[in-house]
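Novice: Kindly generate the corresponding structure for this input.
(chains A and B)
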Amino acid sequence: MIQMLMDNYTESIKKRDQARFLELYHDEVVVNDSYGAWSFHGKSEWAKTVEGWFSQPPSESENIVFHDYVLRESAKLKLFQSLVDFHHSSGITTLRLSWVVALVDGKWLIRHEHTSSPIDMNTLEAVTTTA
Amino acid sequence: MNLSQFFDSYAQAVYQKDVGQMMELYHEDVTVMDAFDLWVVRGKSAWEEHVRSWFSSLENDLMRVSFRDMTILSDDNLATAYGTVLYEPIGETEKPPLDCRVTFFFMKTNQGFKIIHEHTSAPLGYEDGRMMQPGGRRFE
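Specialist: So this is what the prediction gives:
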């Protein structure tokens, strides 16, 4: 299931398929995104940001690679952590990602997403070291 | 650890700079994605070293911790809590208060729930690429 989630996440971003992407999220999702806002509460708030993101055309080299991931599973929760490489026309941006995936009416949906870069304590900008 | 006691236990351990009490909250296999400087810290002993160094860096100051807007989800074996945590230095320090987004994953052990994953961060501004704080407050 988690492989399917990673694949759907990747493919819907690469194809800029907003409906397919948002289907992955719970209505009450809380997203802590790496840029631009403290947090987004609810799928409709998140959808506005996704709309802006998906309005930028994909580049041919665009790809998303999950690595170093760990999944913990129980009856109603899947807790997932990973490093994610976003390949784009100007290089690779790595982010840390945590997902809380919850079972709702027979469907596993992202209830919480947290992505970030570590911050350099001296410059207060993203660290320049690689993960 | 009982989840209802977790937030108080965490805050108390930091306020008292009690490394032992702090480490009791963590699972041996914990991975921590900390807000500053490091991508991932793997394992309790590596994290303990980091916590020890953090507490020492406070010198004579104290650190008050408060959690807000926390969502908690759990079943028999796993649990998660996510929201915002405020680190507020108290003392002669001129260090400003720091808000972080925080996500905890917990796993049930013989000694109750332990933190198996922690992710703290602050977002970066689109325009200046600098660390943001809630409500447009600057960290400086």
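
Novice: And stretch A:12-26, what's buried?
Specialist: A:12, A:13, A:16, A:18, A:21, A:22, A:24, A:25, A:26 (16 or more other CB atoms under 10 Å in any protein chain shown). Quick note: C-beta positions are derived from backbone N, CA and C, even for glycine.

Novice: Let me fix that, I meant to ask about stretch A:34-43.
Specialist: Neighbour-count burial for stretch A:34-43, with 16+ other CB under 10 Å as criterion, is recorded at A:34, A:35, A:38, A:39, A:40, A:43.

Novice: Any chance of JSON lines for those, columns pLDDT, distance to residue B:32 and secondary structure?
Specialist: Below are the buried residues of stretch A:34-43 laid out as JSON lines (pLDDT from 0 to 100; distance: CB to CB, whole Å; DSSP: H, G, I helix; E, B strand; the rest coil):
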{"residue": "A:34", "pLDDT": "96", "distance to residue B:32": "17", "secondary structure": "coil"}
{"residue": "A:35", "pLDDT": "93", "distance to residue B:32": "22", "secondary structure": "strand"}
{"residue": "A:38", "pLDDT": "96", "distance to residue B:32": "21", "secondary structure": "coil"}
{"residue": "A:39", "pLDDT": "97", "distance to residue B:32": "20", "secondary structure": "coil"}
{"residue": "A:40", "pLDDT": "97", "distance to residue B:32": "24", "secondary structure": "strand"}
{"residue": "A:43", "pLDDT": "97", "distance to residue B:32": "29", "secondary structure": "helix"}
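
Novice: Kindly identify which of those also come near chain B.
Specialist: Here is what survives when these are matched to chain B using CB under 8 Å from any CB of the partner chain: A:34, A:35, A:38, A:39.

Novice: Spit out the contact partners of the residue nearest to the third one when sequence neighbours are not counted.
Specialist: So the one you mean is residue A:38. In space, not counting the residues next to it along the chain, residue A:38 is nearest to residue B:134; the distance is 4.8 Å by CB to CB, 6 or more residues apart in numbering or on different chains. With contact set as CB atoms under 8 Å, 6 or more residues apart in numbering or on different chains, residue B:134 has these partners: A:38, B:84, B:99.
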